[in-house]
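Undergrad: when you get a sec, could you give me coordinates for this:
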Amino acid sequence: MKKQNTKRKEAWAKVDKDKLYNVNDGLNLLKEATFAKFDETVDVAFRLGVDPRHADQMIRGAIVMPAGTGKKVTVVVITSGENISKAEAAGADLVGGDDIIQKIQGGWMDFDRVIATPDMMGKIGRIARILGPRGLMPNPKLGTVTTDVEKAVSEQKAGKVEYRTDKTGIVHLAFGKKSFSEDQLLENFKAIAGAIVRAKPASSKGTYMKSVVISSSMGPGIKLDTVDVSKLA
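TA: So this is what the prediction gives:
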């Protein structure tokens with residue numbers, strides 16, 4: 001434990017907590033300031049000048065990570081007819097209709113995403129109270145309620161992630177693993193930053209991007225220069 005604490009202090013000492021790093025330097029430092037023996041997840045937190053209590057200032061969306069997420073995603077598709085074979089061909093892990101709904105009602109939750117076709121949404125209402133609190137309820141705005149199940153499954157398998165502001169106006173999400181190359185992390189970060197910038201609501205006043213902090217699971221927070229982030233986006 002003492003050895004681990006020493007390594008932790010050494011890793012955290014590499015970061016100047018009062019400095020604002022440009023994106024490239026920040027990502028490079030993130031990979032250097034490490035002591036964990038496992039492949040840590042890399043996260044980013046955008047603190048935005050929005051008030052999520054107002055519906056028109058709620059930032060929410062989904063984006064496909066260009067370099068993937070480094071995580072195997074288990075995708076369930078609830079559909080009927082010819083869409084069953086289409087979803088299976090696209091790589092869905094489990095495809096069906098009433099049988100899957102009953103399975104979830106029975107307590108089965110061994111999956112990461114649920115995609116549904118519009119014709120099944122009436123039946124999915126029976127499991128809304130199960131899926132909703134876990135962020136798994138299919139939503140047309142996020143592309144998880146669609147007639148194009150092939151595209152939806154492919155996107156989810158490729159690393160499509162959802163994001164939204166919490167009650168304090170922060171968007172927090174993972175954008176890769178510590179084992180990713182700097183180019184891969186940069187590619188994913190640029191995609192996220194671009195989505196956040198484009199999502200700025202017209203009703204948002206003052207500074208929109210107040211702070212951006214990246215970190216790994218066990219590593220220190222690294223503050224990024226918001227001007228550099230905006231230029232990159």
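
Undergrad: list the helices and strands the lengthiest helix in the chain packs on?
TA: In the chain, taking DSSP state H as the definition, the longest helix is helix 182-198. Helices and strands touching helix 182-198, by 3 or more Cβ pairs under 8 Å, 6 or more residues apart in numbering; DSSP states H and E, are helix 23-32, strand 41-48, strand 60-64, strand 160-164, strand 170-177, strand 209-216, helix 226-232. Every C-beta, even on glycine, is put in place using the N, C-alpha and C of the backbone.

Undergrad: need those in TSV with mean pLDDT and mean neighbour count, can you?
TA: Below are these laid out as TSV (pLDDT from 0 to 100; neighbours: other Cβ atoms under 10 Å):
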stretch	mean pLDDT	mean neighbour count
helix 23-32	93	18
strand 41-48	96	21
strand 60-64	88	16
strand 160-164	87	18
strand 170-177	93	20
strand 209-216	96	20
helix 226-232	93	16
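
Undergrad: export those to CSV and append columns for distance to residue 138.
TA: Formatted as CSV, these follow (distance: least, Cβ to Cβ, whole Å):
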stretch, distance to residue 138
helix 23-32, 34
strand 41-48, 25
strand 60-64, 12
strand 160-164, 11
strand 170-177, 19
strand 209-216, 30
helix 226-232, 32
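
Undergrad: and those: which comes nearest residue 107?
TA: Comparing the helices and strands packed on helix 182-198 by their distance to residue 107 (Cβ to Cβ), the top pick is strand 160-164, with 23.8 Å.

Undergrad: for that closest one, which outside residues touch it?
TA: Strand 160-164 is contacted by residues 58-65, 69, 135, 142-143, 171-175, 192, 195-196 when judged by Cβ atoms under 8 Å, 6 or more residues apart in numbering.
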